[in-house]
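>>> Quick one, fold the following:
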Amino acid sequence: MLVNSVKLLRFVNVGVCVFVLTSCSNYPRLLSFSFSDNNKSFNSRSSELNPSISGQYITFVSDRNSSQDVFLFDAKNRRLIDLPGLNSIEEIASSPSISEDGRYLLFIALVQGKSSLFLYDRTTQQKRPLITQLKNEIRNAMISSNGERITFEIANNGQWDIVVTDIKGNVLNIPTNLLQ
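Below you'll find the model as predicted:
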């Protein structure tokens, strides 16, 4: 009887292990995109930094145009998307983030040694500053999937503070009891 119980327990343990290992087979997954030297693909010889994925879009920073610019790749259609009026030779871009529908693209730019936070609307092809010319460093900017809220960290008195704003850059007060 004890031998049968041990065999059953081993069988159940093996079954659970197989289930756990095979149920996660789709995550994480390796995305495979073709290589291109003509700068029209996701993969190139240049550095691709800080990728951020939302829905079918991948946004990243790359030095493929001899400056650190923001790029947007449509993974579903496997092509780079043009972003007229977004990148500037005077800016060093970082931390791009995109809303799930692909309309709003958020990124940090270093302009003359000062941090700025920009929002680009793909529908209107307009880039506008949300936070400009700060001596304090900004990092880890993110836009919510619906494009309504923006978060980022800002260096303040030797610590990193998290700031939450609406899409217009108005700081939102988050009650501290929600964070407990």
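>>> all contacts plus neighbour counts: C-alpha atoms, from now on.
Fine.
>>> lowest-confidence helix or strand of the chain?
helix 2-23 (a mean of 41; mean pLDDT, DSSP states H and E).
>>> now V70, nearest residue through space, not along the chain?
Nearest residue to V70, sequence neighbours excluded (CA to CA, 6 or more residues apart in numbering): V61, at 4.5 Å.
>>> what helix or strand is the one you found on?
strand 57-62 (DSSP states H and E).
>>> What pairs with that strand, parallel or antiparallel?
strand 48-54 (antiparallel), strand 69-74 (antiparallel) (DSSP bridges).
>>> so where's the chain uncertain?
Within the chain, the ranges that satisfy pLDDT under 70 run 1-50, 133, 176-180.
>>> Strands of that one, start to end?
Taking DSSP state E as the test, the strands found in the chain are 48-54, 57-62, 69-74, 79-81, 91-98, 104-111, 114-121, 126-134, 138-143, 149-156, 159-166.
>>> now those strands as CSV including distance to I174?
Listed next are the strands of the chain as CSV, based on distance: least, CA to CA, whole Å:
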stretch, distance to I174
strand 48-54, 24
strand 57-62, 28
strand 69-74, 30
strand 79-81, 35
strand 91-98, 22
strand 104-111, 21
strand 114-121, 21
strand 126-134, 19
strand 138-143, 16
strand 149-156, 12
strand 159-166, 8
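>>> circling back: quick check: bridge partners of the residue nearest to V70?
Bridge pairing for V61 - DSSP bridges - gives L49, V70.
>>> Thought I167 was touching G147, still the case?
Yes: using CA atoms under 8 Å, G147 is in contact with I167, at 7.1 Å.
>>> and stretch 137-144, which residues are buried?
For stretch 137-144, the neighbour count (16 or more other CA atoms under 10 Å) marks E137, I138, R139, N140, A141, M142, I143, S144 as buried.
>>> how close does the fifth one get to F60?
As defined by CA to CA, to the nearest Å, A141 lies at a distance of 13 Å from F60.
>>> Between the two, which contacts overlap?
Residues touching both A141 and F60 by CA atoms under 8 Å, 6 or more residues apart in numbering: S95, P96.
>>> out of the strands paired with strand 57-62, deepest packed?
Ranked by mean neighbour count, those are led by strand 69-74 with a mean of 23 (mean count of other CA atoms under 10 Å).
>>> Many thanks, I have nothing further to ask.
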